[in-house]
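# Give the three-dimensional model of this entry:
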Amino acid sequence: MSKKNSLDIDNKNIKKPWWKIVTRIIFGSTIPQRLFRGYLFLIVVGSVLLFLPISLQSKGIMQTSDDSKSYSFWDAMFVACSAITDTGLTPVIVSSTYTIFGQIVILLLIEIGGLGLITVIFLIWHMLKPKKSIDLNQLIMLQSEKGNEKIGGTYKTLKISVIFILCSQLFFAFLMSFWICFMPLYTQINIDGVTHTSDNVLYSLSWDTQTPINAHHHYGLALWQGLFTAVSSMNNAGFDIFEKGFSIASFRNDWNVIFQLMVMIEIIIGGIGFPLIYDVIQKNNCKRKGVKYKVTLFTKVALTGYIAVFIVGIASAYGFEYGYPSNIVNSGGLKDIVHYACSNQEFGKNEQFNKAWCVLFNTVSTRSAGFATVNQTLFAPGTQWTYIIQMFIGGSPSSTGGGIRTTTIVIVVWTIISKVIGRERVAMFKRNIPTENIRDSLLVTVVGFALIVFCSIIIFYCSPNNSGDTLIQSLYETTSAFGTVGFSMGFTSNVNAVGEVILILIMFVGQLGISGTLLAWTKKNPRGNLVEYPTESVKIG
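Numbers count the residues shown, from 1 in each chain. This next block holds a predicted model:
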């Protein structure tokens, strides 16, 4: 290289803007690194905001399901991470711990996490500068977070999907606000450790009181609760701001299943993925115009996986709840819950219908949402294991859900089936699945499973009360964090700071995905990529 060329290179390095160098150091050089550190930065900002006195109703105090405890920065970080990852696990009761300002912060974190940090930043920037052209690097960034498999259609996919989601949120927010304001809903009380004398079965129940919820005939508060619930439902977050923090238990029975149906619709819309939403909208538009529209393979695989997991989960849950022996002590199961002398029964006037609907709603919510109508300890052990598997699978890619994703489990299962029937290639819908997709799917499944087991054991020892029951609770809570679901057996509020940090990390991994998390630690140009060695097979099991 000549001296002149050497000086030109040095001048280029010197002329590089200082802010670009700082940005590269802070946010990394690869797209996964930027996503990872961007979300981490947002969690820190959210933690600081939720730790400010303006966010708390009582300075330094948080309200839990059992008592009042001191509020630390770790608690603020846990809630911020749970909100940005759309999980819903929280050691506090949001409605009685945070002020309106704090609740707005949580709402914004939920929305940004659901739509995607890069997506929100890009759409706002593009609205402010509509004439600014979109370059390839920006499209690649968008595609890596919430886009489809085609870079060219990523911007249009996200734009249409986000508009549809925001409009749906406003629509359901108004419907929910009227329901909250004018329907007779009652606050909840907990009855822990109630034993029925005839069969010595221990129950932990929530009962309706005679006191209406605080938003009854107060439309301003009802509108805020409706908006918060609509945003939380669409983003599969599971956060609520109802009294006592018993999720949507007040909407458990009878006519209130209509409210649950609204929540279910939003959960499904948010959990199926942005590319699938775009394909459905475009297919309907083309059908009206008489134009043929080709649905992508991603949509077909994601929809197949979502429906398959839904059907298997529903069938398993109903089988365990209605087929489990009723004479086993501490068996659990909704069909054998004993009613006590309270103002309202646990399952209302239409008991059998409400129990059946309870299983349906909680199974749908298990996919990635985390809204619950009853205490999770009431379900039979088989149902709890079914929910653990569903939370591990999670929602579709490029959706608001976490877990290993539906397309991953479909490819893994279909790979096994193809091997059993003797096919050399894995093909779906008359398309061959690339070997790289198969390898990545197996990698994500194995690493995700190992992560869940390892972290569950650690969190188990982070609880002051270690027993066989807390072991499955630890697994339930850990899988819930990984799937960004938010279902809880009350274990989260009992773990120490180490357990909270581990759950924060798991929620973070669930939001970014196994692949995105692993790639965040990979160099831009790692050594060895250009080296190719001879191939030799190894005998395996």
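# Going by residue numbers, what spans are helices in the stretch 251-400 of the chain?
257-271, 274-289, 297-323, 351-366, 381-393 (DSSP state H, counting those that start in this stretch).
# Quick one, which of those gets closest to Phe251.
Among the helices of the stretch 251-400 of the chain, the nearest to Phe251 by Cβ to Cβ is helix 257-271 (4.4 Å). The way it works is simple: take the backbone N, C-alpha and C, and place the C-beta from them, glycine included.
# Next, the buried residues of that closest one.
257, 259-260, 262-264, 266-271 (16 or more other Cβ atoms under 10 Å).
# and Thr119, what pLDDT?
On the pLDDT scale, Thr119 is placed at 81.
# hang on, it is in a helix, isn't it?
Yes - per DSSP: H, G, I helix; E, B strand; the rest coil, Thr119 lies within a helix segment.
# quick one: it from Leu35, how far?
Counting by Cβ to Cβ, to the nearest Å, the gap from Thr119 to Leu35 is 11 Å.
# And for Val120?
13 Å.
# Of these two, which one has the most company?
Using other Cβ atoms under 10 Å, the more surrounded residue of Val120 and Leu35 is Leu35, with 25 against 16.
# Point to the residue nearest the middle of this protein.
Thr484 (3.1 Å; Cα atoms, centre = their mean).
# Next, it: secondary structure please.
Classified using three-state DSSP, Thr484 is coil.
# out of everything not next to it in sequence, what's closest to Ile165?
Met234 (6.0 Å; Cβ to Cβ, 6 or more residues apart in numbering).
# Oops, could you answer that again for Phe392 instead?
Looking at Phe392 with Cβ to Cβ, 6+ apart, the closest residue is Thr479, at 5.3 Å.
# Pull the number of nearby residues for Val45.
14.
# what helices or strands is the strand or helix carrying it leaning on?
Using DSSP states H and E, Val45 maps to helix 31-51. In terms of contacts (3 or more Cβ pairs under 8 Å, 6 or more residues apart in numbering; DSSP states H and E), helix 31-51 is packed against helix 18-27, helix 73-84, helix 100-115, helix 117-128, helix 136-145, helix 497-512, helix 514-519.
# could I get those helices as TSV with distance to Ile457?
Compiled in TSV, the helices and strands packed on helix 31-51 are given as follows (distance: least, Cβ to Cβ, whole Å):
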stretch	distance to Ile457
helix 18-27	34
helix 73-84	20
helix 100-115	28
helix 117-128	32
helix 136-145	32
helix 497-512	10
helix 514-519	19
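# can you list the weak-confidence ranges in the protein?
Scanning the chain with the threshold set as pLDDT under 70 gives 1-29, 65-67, 130-154, 189-209, 245, 324-346, 464-469, 493, 519-531, 539.
# hang on, the earlier thing: which one of the helices of the stretch 251-400 of the chain lies nearest to Thr229?
helix 257-271 (7.3 Å).
# Can I get that closest one in CSV, CA atoms only?
Output of helix 257-271 as CSV, limited to C-alpha atoms (Å, rounded to 0.1, in the frame of the first residue of the first chain):
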residue,chain,number,x,y,z
VAL,A,257,-67.5,-13.9,29.9
ILE,A,258,-68.2,-11.3,27.2
PHE,A,259,-65.5,-9.2,28.7
GLN,A,260,-63.2,-12.2,28.7
LEU,A,261,-64.1,-12.8,25.0
MET,A,262,-62.9,-9.2,24.2
VAL,A,263,-59.6,-9.9,26.0
MET,A,264,-59.3,-13.3,24.2
ILE,A,265,-59.7,-11.6,20.8
GLU,A,266,-57.0,-9.1,21.5
ILE,A,267,-54.7,-11.9,22.9
ILE,A,268,-55.0,-13.8,19.6
ILE,A,269,-54.5,-10.7,17.4
GLY,A,270,-51.3,-9.8,19.3
GLY,A,271,-50.0,-13.4,19.5
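# And that helix, what does it pack against?
By 3+ Cβ pairs under 8 Å, 6+ apart, helix 257-271 packs against helix 154-182, helix 219-234, helix 351-366.
# can the ones you listed go into JSON lines with extra columns for mean neighbour count and distance to Ile93?
Output for the helices and strands packed on helix 257-271, formatted as JSON lines (neighbours: other Cβ atoms under 10 Å; distance: least, Cβ to Cβ, whole Å):
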{"stretch": "helix 154-182", "mean neighbour count": "18", "distance to Ile93": "18"}
{"stretch": "helix 219-234", "mean neighbour count": "23", "distance to Ile93": "14"}
{"stretch": "helix 351-366", "mean neighbour count": "20", "distance to Ile93": "19"}
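# closest one to Gln511 among these?
helix 219-234 (15.4 Å).
# Which secondary structure elements does that closest one sit against?
helix 100-115, helix 154-182, helix 257-271.
# in terms of contact, does Gly499 touch Ser456 like I think?
No - using Cβ atoms under 8 Å, Gly499 is not in contact with Ser456, being 10.6 Å away.
# List the buried residues for stretch 413-427?
414-415, 418, 426.
# could you dump these to CSV with secondary structure and distance to Leu471?
Shown next, in CSV, are the buried residues of stretch 413-427 (DSSP: H, G, I helix; E, B strand; the rest coil; distance: Cβ to Cβ, whole Å):
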residue, secondary structure, distance to Leu471
Trp414, helix, 33
Thr415, helix, 32
Ser418, helix, 36
Val426, coil, 36
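# Format the helices and strands packed on helix 219-234 as CSV; extra columns: distance to Asn354.
Formatted as CSV, those follow (distance: least, Cβ to Cβ, whole Å):
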stretch, distance to Asn354
helix 100-115, 29
helix 154-182, 17
helix 257-271, 7
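# For Cys81, which of the ones you listed is the nearest?
Nearest of the helices and strands packed on helix 219-234 (Cβ to Cβ): helix 100-115, 9.0 Å.
# Compute the inter-axis angle for the closest one and helix 219-234.
30 degrees (axes from the mean of the first three to the mean of the last three Cα atoms, to 10 degrees).
# Use 23 as the first number from now on
Let's use 23 as the start, then, which means that last one is helix 122-137.
# got a list of contacts for helix 122-137?
61, 64, 68, 71-72, 76-78, 101-102, 105-108, 116-117, 120, 142, 168, 184, 187, 246, 249-250, 253-254, 256-259, 261, 263, 292, 422, 533 (Cβ atoms under 8 Å, 6 or more residues apart in numbering).
# Tell me how many other residues surround the nearest residue to Tyr120 once chain neighbours are set aside.
Nearest residue to Tyr120, sequence neighbours excluded (Cβ to Cβ, 6+ apart): Ser77, at 5.6 Å. For Ser77, the count of nearby residues is 22 (other Cβ under 10 Å).
# And Tyr61, how close does it get to Thr539?
11 Å.
# Which residues are in contact with each of those two?
Common neighbours of Tyr61 and Thr539 (Cβ under 8 Å, 6+ apart) are Phe530.
# Out of the buried residues of stretch 435-449, the closest to Ser463 would be?
Closest approach to Ser463 among the buried residues of stretch 435-449 (Cβ to Cβ): Thr437, at 7.4 Å.
# who touches the closest one in this structure?
So Thr437 contacts 448, 455, 460, 463-464 (Cβ under 8 Å, 6+ apart).
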